[in-house]
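Enquirer: A predicted structure for the sequence below; I have some questions about it.
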Amino acid sequence: MTETAERQGWMGLLARAPAERLAALMPQAPEFDWLRMPEIGGVMMRGRSGGTGAPFNLGEMTVTRCALRLGSGEVGHACVMGRDKAHAQRAALVDALMQGATAAAIRAQVLDPLAQDEDARRSARAARAAATKVDFFTMVRGEA
């Protein structure tokens with residue numbers, strides 16, 4: 001996995017994580033300087049018919065983004081759904097910390113538990129969907 005793909009993975013995980021869960025897992029925040037204070041805006045969501053068809057504008061979604069630099073020089077960015085500035089700040093802090101010497105500890109303390117939580121949510125959702133599955137069958141004509 002490339003470094004870019006790995007970073008995209010943890011940034012996506014942080015963006016999807018519940019804000020209160022991320023707050024509970026966060027280590028003590030180190031000193032940092034804002035490059036971009038948390039700001040609230042909107043993005044256009046796009047969809048594709050059938051997942052592969054022509055793109056169309058689905059609607060707008062509110063997001064919060066920010067950027068910061070740690071005292072040691074690492075830069076962290078975040079863009080999270082909703083209007084939670086603290087969630088964006090925590091996500092940017094984790095992004096910056098993952099680029100430094102404490103990356104392994106941050107992965108074990110924050111990212112791994114978030115990934116396990118996300119897997120559990122996906123499994124529960126799949127189980128609820130599977131409970132509604134209907135099996136259709138076709139009778140074969142002419143055979144007894």
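Expert: That came through fine.
Enquirer: buried residues, the helix or strand hosting Leu93. List them.
Expert: Using DSSP states H and E, Leu93 falls within helix 85-97. Within helix 85-97, the residues scored as buried using 16 or more other Cβ atoms under 10 Å are Lys85, His87, Ala88, Gln89, Arg90, Ala91, Ala92, Leu93, Val94, Asp95, Ala96, Leu97. Backbone N, C-alpha and C define where each C-beta goes, glycine included.
Enquirer: give me the mean pLDDT for the helix or strand containing Asp112.
Expert: Per DSSP H and E: Asp112 is located in helix 112-130. For helix 112-130, mean pLDDT is 92.
Enquirer: kindly report the same for stretch 52-69.
Expert: Average pLDDT, stretch 52-69: 94.
Enquirer: stretch 34-43 too?
Expert: For stretch 34-43, the mean per-residue pLDDT is 96.
Enquirer: mind jotting down where the helices sit in the chain?
Expert: 3-16, 19-25, 85-97, 103-106, 112-130 (DSSP state H).
Enquirer: what pLDDT is listed against Met139?
Expert: If you check Met139, the pLDDT there is 61.
Enquirer: same question for Met26.
Expert: 89.
Enquirer: for the nearest residue to it once chain neighbours are set aside, give me its contacts.
Expert: Spatial nearest neighbour of Met26, chain neighbours left out: Arg90 (5.4 Å); criterion: Cβ to Cβ, 6 or more residues apart in numbering. Neighbour list for Arg90: Leu14, Ala19, Leu22, Ala23, Met26, Ala29, Ala78 [criterion: Cβ atoms under 8 Å, 6 or more residues apart in numbering].
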